[in-house]
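Novice: Fold the following, please.
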Amino acid sequence: MEFFAAFPAAAGRSLPQILAQSGPVGLTILTMTFALSVMTWAIAWDRARLYKKLRTRGDALRRAAGSRGVAAVLPDAEKYLPAIEAAILVEANRFVQANGGENGAIAIEDPAEVEQERNRLRGLLDGRALNEIGEMERHLILLSTTSAGAPFLGLFGTVWGIMHSFMSMGMEGSATIEIVGGGIAEALVTTMAGLGAAIPALVAYNLCVRAVRRKETQIDLFVSRVVDGVVVRRTAQRNPSAARPARTTAGVWPTTTP
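Specialist: This next block holds a predicted model:
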């Protein structure tokens, strides 16, 4: 009863007083969790701005490609950067120019060669898309590490604080709040700091991963559309007069094969 009666007096101490009474281990953990928290919010803000820009310009480019056609928007693709769709179209435009295409497309008559060129182009565009998606995933490892590791930092501080309290109790031979209060407060503060850094990092990481996965699906469909629109099959031109069979004197089309 005396322990719980004396607890409000210890609980009434301000946070600076608790921090001032914390040992070097507790202060180190608090500093680390604070640094992780600052980096978490900075990364979340940076990724949110980037994803919004990518989504806005990517949607505009897909609408333009849908209304005008893929080949028509190839020359104007750079103005939509840094959209991933724009980077893919820039790569496709280089492929067209390197292979002697005209008007944003490569026309090939042989079906087997058409399929071969489409596979080549898709390999190039998939590689470019992979690099761009990698840019979207930059710094997400820190969010994942913070969400998983910050609670363990807080737990370490908790264990250390409780251990320090028991050591003080053993040295003093009593269990008053003045003896154990400092260690318990240090333990609780580090736990709170660890959770305060981990929870925002976990939320930000899940939102970022969701945005990246959605973009991956969009890019995969967009690449397929670009490949089909850039490498097309050319129909063989035939002489209309030669292709038309001659009429017989009876006015009936001949049945023989020309």
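
Novice: Can you name the residues that contact the nearest residue to A86 once chain neighbours are set aside?
Specialist: Spatially, and ignoring its direct neighbours in sequence, A86 is nearest to Y80 (3.7 Å; C-beta to C-beta, 6 or more residues apart in numbering). (Glycine included, C-beta is placed from N, CA and C.) Residues in contact with Y80 (C-beta atoms under 8 Å, 6 or more residues apart in numbering) are R57, G58, A60, L61, A86, L89.

Novice: Who are the contact partners of the third one?
Specialist: Applying C-beta under 8 Å, 6+ apart, we find A60 in contact with Y80, A83.

Novice: give me the element it is part of.
Specialist: According to DSSP states H and E, A60 maps onto helix 24-68.

Novice: Same question for the fifth one.
Specialist: Using DSSP H and E, A86 sits within helix 84-98.

Novice: and that helix, which residues are buried?
Specialist: Residues I84, E85, A86, A87, I88, L89, V90, E91, A92, N93, F95, V96 are the ones in helix 84-98 that count as buried (16 or more other C-beta atoms under 10 Å).

Novice: Give me the helices and strands touching it, please.
Specialist: helix 24-68, helix 70-73, helix 111-136, helix 177-230 (3 or more C-beta pairs under 8 Å, 6 or more residues apart in numbering; DSSP states H and E).

Novice: how does it look with 6 Å?
Specialist: Helix 84-98 sits against helix 24-68, helix 111-136, helix 177-230, with contacts defined as 3 or more C-beta pairs under 6 Å, 6 or more residues apart in numbering; DSSP states H and E.

Novice: Mean neighbour count, these: which tops it?
Specialist: helix 177-230 (a mean of 19; mean count of other C-beta atoms under 10 Å).

Novice: Tell me the first helix or strand C-terminal of it.
Specialist: In N-to-C order, the element after helix 177-230 by DSSP H and E is strand 231-233.

Novice: Quick one: low-confidence residue ranges for the stretch 51-200 of the chain.
Specialist: In the predicted model of the stretch 51-200 of the chain, residues 164, 167-183, 185-186 satisfy pLDDT under 70.

Novice: how about a cut-off of 90?
Specialist: 65-79, 82, 96-115, 117, 153-193 (pLDDT under 90).

Novice: Quick check, central residue of the chain?
Specialist: Nearest residue to the geometric centre of the chain (C-alpha atoms, centre = their mean): V212, 3.5 Å.

Novice: that older thread, tell me which of the contacts of Y80 is nearest to I162?
Specialist: Among the contacts of Y80, G58 lies closest to I162 (C-beta to C-beta), at 51.8 Å.

Novice: mind checking how far that closest one is from L89?
Specialist: Look at G58 and L89: by C-beta to C-beta, to the nearest Å, they are 11 Å apart.

Novice: show me what contacts the residue nearest to F152 when sequence neighbours are not counted?
Specialist: Nearest residue to F152, sequence neighbours excluded (C-beta to C-beta, 6+ apart): G194, at 7.4 Å. Shown in contact with G194 (C-beta atoms under 6 Å, 6 or more residues apart in numbering): T33, A150, P151, L153, G154.
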